[in-house]
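Novice: model the following, please.
(chains A and B)
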Amino acid sequence: MDTNDISDKIELYVRGKLSADEHASMQSLINSNPEIAKEAAFQKTVLEGIKAHRAAILKSRLNNINTSTLLTNSYTALKMASVVVASAGLGLGAYYFVDSMIEKNEVSNNIIVKQVYANDSKQQIVSAAAKESAKPTRAVTDEAQPSLKNAEISATETKKIKETKKIAKKEGFFKKWSIFKKSKEPILDNSDADAPMLSNADNIDSKIETGHAAGKVKTSDVDIKAIHDGSHNFHYKLTDHVLYLYGDFDKSPYEILEFNKTKGQKMYLYYDENYYEMNNNTSDITKLKKLTKKNLVEQLNEARIVH
Amino acid sequence: MKLFLKDSDIIYKIRQGDESALDYLYKKNYKMMVNLILKNNGSEDEAKDIYQDALIIFWQKVKSEELVLTSKISTFLYSICQNLWRKELDRKNRYSKEEADVAYSENYDSNEKIKIIHDCLNTLGDACKKILSYYYFDEMTMNDIAEIMGFANADTAKTKKYKCKQELDKLIKTKFSESDFLE
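Specialist: Now for the predicted structure:
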């Protein structure tokens, strides 16, 4: 074996890429040859260093993400939202839409997938987590030992969530949807297709169809049509259960919050951290105006975060 | 990057080396993962650190195609965060201050070596850093490296990787020798 071969073998040995026989052979060579042992130890350190360097770059990338708006106290939000809903008797439908599919006034190949809030199913997550954690992890750490203790940790929260969801179901307000453009890229794994994590009793969204006419995104209660043809910027029209959104909504996902009051329906658009009120039967193309009433914004915020 | 990506799309993007998929995942699951740590006596900074490590483990497993995902990505990340945090709590509980100091000094050499390698990689320049990272950390094939780096073919990538590694080894050996890390 020449020097290059030995170097290659040492590297493969350190990376754990040798067959069992080759590994054993290299191990005995290392045991009997201090120079090879020294080189193997050196290569191990170098590879650890390269990995640590790459991990540091990725961590640095993540550290640069602004997280100030990502964390809210779900306990408080849940409590407050429950009070808001119960006392006001509101029906809330929240629709999440991504209009990445909306270009040149054309929407095609859309699919609708039920989006389930992970917090709503913490117990299932914990048990599934235990299964997953049995798998070995490489690099960065050698941790990942399974445990179920956190099921206890989340029990209180889960109970609170369930209580809130009971109210939600009774009032018939809880709906939540993600809509996005069907990827042209191959789907490699369908096992993750957002399998329902709620019980059947809670799964109130199951009637929605997938596959829709080009140009429209349909939900059970309202059709959304987004138009980005340059004619209007940030306008809307709402008539006959069809909401037309005019403008470029590519910057971030937009959400439609629908309140079914006894007096009638009220809709709000949430986009780029602001809320916009939309009036029913607005047959003219109308500019979206940002809500500035602090109390209303806070209430909408709480309702949106919880659902 | 499109928002509200399906898990399979995220996996696809990661396998393509699209780091924006990592950003997306980070933001999407931030609240859930950070709350897990916060509710278990951790600070937000600790939570971020753990969650970022978990994402990097996930990234690496996807890249190396070791991962056969049988649950949602968020479920998988949650389990990694749980385990990482449990280990961190164990470490905190196990060590008294004196013991922690001993552990620190024992890790000192190792940390110094990593720092030297870090400096040597920076000396080599961006192209070598990327090639070596893609090969050793992301475990990308030479074909993929050639594609992402814009090389003519896998052979070119292989030659460049070889030269970069040789140069890195040489640099590190010199620096280790200066720091008495080589006997």
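
Novice: so does the helix-or-strand element of chain B with minimal mean pLDDT get close to chain A?
Specialist: Every helix and strand of chain B was ranked by mean pLDDT, DSSP states H and E. The lowest is helix B:97-124, at a mean of 82. Yes - applying Cβ under 8 Å from any Cβ of the partner chain, one finds that helix B:97-124 is in contact with chain A at B:113-114, B:116-118, B:121. For the C-beta atoms, the positions are set from N, CA and C on the backbone; glycine is no exception.

Novice: need these in a markdown table with neighbour count, can you?
Specialist: Formatted as a markdown table, the entries for these read as follows, by neighbours: other Cβ atoms under 10 Å in any protein chain shown:
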| residue | neighbour count |
| --- | --- |
| B:K113 | 21 |
| B:I114 | 19 |
| B:I116 | 20 |
| B:I117 | 24 |
| B:H118 | 16 |
| B:L121 | 25 |
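
Novice: is A:D284 within a helix or a strand, and which one?
Specialist: Assigned by DSSP states H and E, A:D284 belongs to strand A:282-287.

Novice: ok, residues contacting that strand?
Specialist: With Cβ atoms under 8 Å, 6 or more residues apart in numbering or on different chains as the contact definition, strand A:282-287 has outside contacts at A:232, A:234-239, A:244, A:246, A:279.

Novice: now do 10 Å
Specialist: By Cβ atoms under 10 Å, 6 or more residues apart in numbering or on different chains, the surrounding residues in contact with strand A:282-287 are A:227, A:231-240, A:243-244, A:246-247, A:267, A:276, A:278-279.

Novice: that strand pairs with which strands?
Specialist: Applying DSSP bridges, strand A:282-287 is found paired with strand A:235-239 (antiparallel).

Novice: residue ranges with poor pLDDT in chain B?
Specialist: When residues are selected by pLDDT under 70, those of chain B lie in B:1-3, B:95-98, B:100, B:106, B:181-183.

Novice: which stretches of it form helices?
Specialist: Secondary structure of chain B (DSSP state H): helices located at B:7-15, B:20-38, B:44-63, B:73-94, B:97-124, B:126-132, B:142-149, B:154-178.

Novice: of all these, which lies closest to A:L58?
Specialist: helix B:44-63 (5.3 Å; Cβ to Cβ).

Novice: thinking again about what came up before, and the contacts of strand A:282-287, which are buried?
Specialist: With neighbours counted by 16 or more other Cβ atoms under 10 Å in any protein chain shown, these contain buried members at A:227, A:232, A:234-238, A:243-244, A:246-247, A:267, A:276, A:278.

Novice: number of nearby residues for B:I172?
Specialist: Other residues near B:I172 number 22, with proximity taken as other Cβ atoms under 10 Å in any protein chain shown.

Novice: what's the burial count for the closest residue to it other than its chain neighbours?
Specialist: By the measure of Cβ to Cβ, 6 or more residues apart in numbering or on different chains, the closest residue to B:I172 outside its immediate chain neighbours is B:C120, 5.1 Å from it. Number of residues near B:C120 (other Cβ under 10 Å) recorded here: 25.

Novice: just curious, which of the buried ones among the contacts of strand A:282-287 is nearest to chain B?
Specialist: Relative to chain B, the closest of the buried ones among the contacts of strand A:282-287 is A:G247; by Cβ to the nearest Cβ it sits at 16.5 Å.

Novice: and the closest one, what is it in contact with?
Specialist: When the contact criterion is Cβ under 10 Å, 6+ apart, the partners of A:G247 are A:99, A:102, A:226-236, A:271, A:287-288.

Novice: in helices only, show me the residues you listed.
Specialist: Assigned to helices by DSSP H, none of the contacts of A:G247 qualify.

Novice: among the residues you listed, name the ones in strands.
Specialist: Where the contacts of A:G247 overlap with strands, as defined by DSSP state E, the overlap consists of A:226-227, A:235-236, A:271, A:287.

Novice: columns pLDDT and distance to A:A55 on top of the residues you listed, output as JSON lines?
Specialist: Below are those laid out as JSON lines (pLDDT from 0 to 100; distance: Cβ to Cβ, whole Å):
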{"residue": "A:A226", "pLDDT": "75", "distance to A:A55": "40"}
{"residue": "A:I227", "pLDDT": "79", "distance to A:A55": "44"}
{"residue": "A:H235", "pLDDT": "88", "distance to A:A55": "46"}
{"residue": "A:Y236", "pLDDT": "86", "distance to A:A55": "45"}
{"residue": "A:Y271", "pLDDT": "78", "distance to A:A55": "35"}
{"residue": "A:K287", "pLDDT": "88", "distance to A:A55": "47"}
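
Novice: okay, those residues in CSV with distance to B:K6 next?
Specialist: Conversion of the ones in strands among the contacts of A:G247 to CSV gives the following (distance: Cβ to Cβ, whole Å):
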residue, distance to B:K6
A:A226, 20
A:I227, 25
A:H235, 30
A:Y236, 28
A:Y271, 22
A:K287, 34
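
Novice: now, which of those sits nearest B:D180?
Specialist: B:D180 lies nearest to A:Y271 out of those, by Cβ to Cβ, at 59.7 Å.

Novice: burial of that closest one, as a residue count?
Specialist: Summarising burial for A:Y271: neighbours were counted as other Cβ under 10 Å, giving 21.

Novice: and it, bridged to which residues?
Specialist: When A:Y271 is checked against DSSP bridges, its beta-bridge partners turn out to be A:Y254, A:N274.

Novice: hang on, the earlier thing: isn't the residue nearest to B:I172 up against B:L171?
Specialist: Yes - B:C120 sits in contact with B:L171 when judged by Cβ atoms under 10 Å, with a separation of 4.2 Å.

Novice: ok so, going back, right, and the pair among the buried ones among the contacts of strand A:282-287 with maximum separation?
Specialist: That would be A:H232 and A:M267, which, of the buried ones among the contacts of strand A:282-287, are the farthest apart (Cβ to Cβ) at 18.2 Å.

Novice: so A:L245 is in which element?
Specialist: When secondary structure is defined by DSSP H and E, A:L245 falls within strand A:242-246.

Novice: strand partners (parallel or antiparallel) of that strand?
Specialist: strand A:223-227 (parallel), strand A:235-239 (antiparallel).

Novice: rewinding a little: export the strand holding A:D284 as CSV, just CAs?
Specialist: Taking only C-alpha atoms (Å, rounded to 0.1, in the frame of the first residue of the first chain), the coordinates of strand A:282-287 have been written out as CSV:
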residue,chain,number,x,y,z
THR,A,282,-67.1,46.0,-1.2
SER,A,283,-67.7,45.7,-4.9
ASP,A,284,-65.3,48.5,-5.8
ILE,A,285,-61.6,47.9,-5.7
THR,A,286,-60.6,49.5,-2.4
LYS,A,287,-57.3,50.3,-0.9
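
Novice: may I see the buried residues of that strand?
Specialist: So, applying 16+ other Cβ under 10 Å, buried residues of strand A:282-287: A:T282.
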